[in-house]
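S.K.: Using only what follows, build the 3D model:
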Amino acid sequence: MGVFFQYSKRKPNHLRIWKETCFTHLPFPLSGPRFPVLKWRLKSKAPLPIPNPPLKILCLSSHQIPSFSFLSVFSELQRYNSKRKRPAMAVSNNIIAILNFLALLCSIPIIGTGIWLASKPDNECVHYFRWPVVLIGVLILLVSLAGFVGAYWNRQCLLAFYIFCMAVLIVLLLALLVLAFVVTRPDGSYVVPRRGYKEYRLEGFSSWLRSHVTGSANWGKIRTCLANSNVCSKLSQDYITVDQFFMAHISPLQSGCCKPPTACGYGYVNPTMWVNPINPTADADCYMWSNDQSQLCYGCNACKAGLLGNLRKEWRKANVILIAALVALIWVYLIACSAFKNAQTEDLFQRYKQGWA
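M.R.: Down below sits the predicted model:
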């Protein structure tokens, strides 16, 4: 099956090449010793082969075709194809690259917030909340990096991957924030007269937190983890006198796990040692208290409530940073989607302009 060169009567400066169902227009000047290929459009988007098939030239115009050999035609085609490059990165792709860099920067506070949450003693013992934020932040970082590479080197597959995955990650981060806001909204704290700290009731927190964190299936491991930590031992080092301790702003976890409830009326010896309760029937936790440093009030409902109070306090702080990062990510993503559509339009225009379509 041959390749046919046809000199068009309508476009006397175009040479039409027919090969099977594919065709192309090769414009050239009407004078000159060689055959300069200025434009090449092939429907199959594949380089024209350079074998030696039977050739046939049909001249349908009175204009004389400049003298050239078949070899010069193929050599020009081959040289032209070797120099052929895709269109340069569109302006919209530059914008997408910048936006992906901003999204990459937004992932840094998310990762930092996740690491801060994971480093807290309560989150070390409660594995539900330890790594989700870090994982989402790392995924946002990787997806943003892929989008940046795709925009910089004009890789449409990477840009499409970025658009899809970033939408999924934004939805996941939004769902995590909504869950954290809903489950940490109830506050089980209450003020204790003449004390600098608050105490906590387990019933004051959300049922989801109570069932997933302080349920019987999980509390045994959490209790052992808390007993092995230095949460309570630090109190004896930081506060010496009774007045110092009573006016201290200790954490909810320390308030619930390291001392008995104030209503029991225990006498103060040091922050983790109390004796002679005046009203031991005031609370069921009064009988759970032990001066054994490995026991203390780790089995008390007050300790469970203190743990939930700690989680609530930390997640409320983290939510501020995560919400700001989420708003920035959504803003960047929406602009990136618009720029991606413009980039596709620009790329299509360049492909038609330079003969790729």
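S.K.: ok, Lys120 - contacts?
M.R.: 310, 314 (CB atoms under 8 Å, 6 or more residues apart in numbering). C-betas here are computed from N, CA, C, even on glycine.
S.K.: what's the pLDDT at it?
M.R.: With respect to pLDDT, Lys120 has a value of 84.
S.K.: count of residues packed around Val191?
M.R.: Using other CB atoms under 10 Å, Val191 is surrounded by 8 other residues.
S.K.: All the helices of the protein, in order from the start?
M.R.: If you assign secondary structure with DSSP state H, the helices in the chain sit at 70-83, 91-119, 121-125, 132-152, 156-183, 207-213, 216-228, 233-238, 242-246, 252-257, 301-353.
S.K.: I'd like to know the average pLDDT value across the longest one.
M.R.: So the one you mean is helix 301-353. If you average the pLDDT over helix 301-353, you get 83.
S.K.: Mind giving me the packing neighbours of that helix?
M.R.: Taking 3 or more CB pairs under 8 Å, 6 or more residues apart in numbering; DSSP states H and E as contact, the helices and strands that helix 301-353 lies on are helix 91-119, helix 121-125, helix 132-152, helix 156-183, strand 198-200, helix 207-213, helix 216-228, helix 252-257.
S.K.: okay, the ones you listed in CSV with mean neighbour count and distance to Lys304 next?
M.R.: Formatted as CSV, those follow (neighbours: other CB atoms under 10 Å; distance: least, CB to CB, whole Å):
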stretch, mean neighbour count, distance to Lys304
helix 91-119, 19, 19
helix 121-125, 20, 11
helix 132-152, 20, 22
helix 156-183, 16, 15
strand 198-200, 22, 9
helix 207-213, 16, 8
helix 216-228, 15, 7
helix 252-257, 27, 7
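S.K.: closest one to Asn279 among the ones you listed?
M.R.: Smallest distance to Asn279 across the helices and strands packed on helix 301-353 (CB to CB): 14.8 Å, for strand 198-200.
S.K.: mind listing what the closest one pairs with, with the direction of each?
M.R.: In the sheet containing strand 198-200, the strands it pairs with under DSSP bridges are strand 189-191 (antiparallel).
S.K.: hmm, who's touching the strand it pairs with?
M.R.: 198-201, 204, 252, 309.
S.K.: repeat that with 6 Å
M.R.: Contacting residues not belonging to strand 189-191 are listed as 198, 200 [CB atoms under 6 Å, 6 or more residues apart in numbering].
S.K.: same thing with stretch 285-299?
M.R.: For stretch 285-299, the surrounding residues in contact (CB under 6 Å, 6+ apart) are 223, 226-227, 232, 257-258, 260-261, 264, 273, 277, 280, 300-303.
S.K.: what's the straight distance from one end of it to the other?
M.R.: Stretch 285-299 has its terminal residues 8 Å apart, counting by CA to CA, to the nearest Å.
S.K.: Alright, that wraps it up for me.
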